[in-house]
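Student: Need a 3D model of the sequence below.
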Amino acid sequence: VIVMAGGQREEILLLFDEPGTYVISQQGIQGMQFFDMYGHPHDQLLATITVHENPNKEGLPTVPIEQMTFTPGYDPEETIDATQIAKTETIVFSMGANRDQAPFPQYYINGKAFDGDRLDFHAEPGQAVEYILINANHNVHPFHIHVNRFQVKEMGSELST
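Tutor: Here you go, the predicted structure:
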């Protein structure tokens, strides 16, 4: 069982010992944050995974999973020096709660409605860019990056001690 807040993401590696059909489902979120309002999903099937037997065992990992090393981001001995930073950009995440407007809730980046087809920020290959992330609503609002290495330099807020 994995319990996550609305919008939170988690990377998982699934290993199935037996052939069969497996399901991943969302359950028990009624009454949490915005999920009880205006048609948000309740219990539902998220994915069906069918595992077939592989009689010749080809393609299976040659190293047991517990011996594998996963190294996202930078190695601990690496660091981005301030002189390497080409530019600094501030990104303000915020939410709207207009129940008469779809989608509900509304998500904004620097005051503009989120649009998955719009590119707001750009860096050249190999360029170090400093992003200052601000959560304007003090609620769970995850930020995540796909593919690109990153390094967290500082965390905090006026709410942290």
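
Student: Could you report the distance from T21 to D43?
Tutor: 19 Å (Cβ to Cβ, to the nearest Å). C-beta coordinates here come from the backbone N, C-alpha and C atoms, glycine included.

Student: go on, F114?
Tutor: Applying Cβ to Cβ to F114 and D43 gives a distance of 26 Å.

Student: just L15 next, same as before
Tutor: For L15, the distance to D43 - Cβ to Cβ - is 26 Å.

Student: who has more neighbours, these two?
Tutor: D43 (10 against 7; other Cβ atoms under 10 Å).

Student: List the residues that contact the more buried one.
Tutor: Residues in contact with D43 (Cβ atoms under 8 Å, 6 or more residues apart in numbering) are S25, Q26, Q27, G28, I29.

Student: Tell me which entries of the residues you listed lie within strands.
Tutor: The strands, defined by DSSP state E, take in S25, Q26 from these.

Student: what would the contacts of D43 look like in JSON lines with distance to V51, pLDDT and neighbour count?
Tutor: Listed next are these as JSON lines, based on distance: Cβ to Cβ, whole Å; pLDDT from 0 to 100; neighbours: other Cβ atoms under 10 Å:
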{"residue": "S25", "distance to V51": "17", "pLDDT": "81", "neighbour count": "11"}
{"residue": "Q26", "distance to V51": "21", "pLDDT": "75", "neighbour count": "13"}
{"residue": "Q27", "distance to V51": "22", "pLDDT": "75", "neighbour count": "11"}
{"residue": "G28", "distance to V51": "26", "pLDDT": "70", "neighbour count": "11"}
{"residue": "I29", "distance to V51": "27", "pLDDT": "63", "neighbour count": "18"}
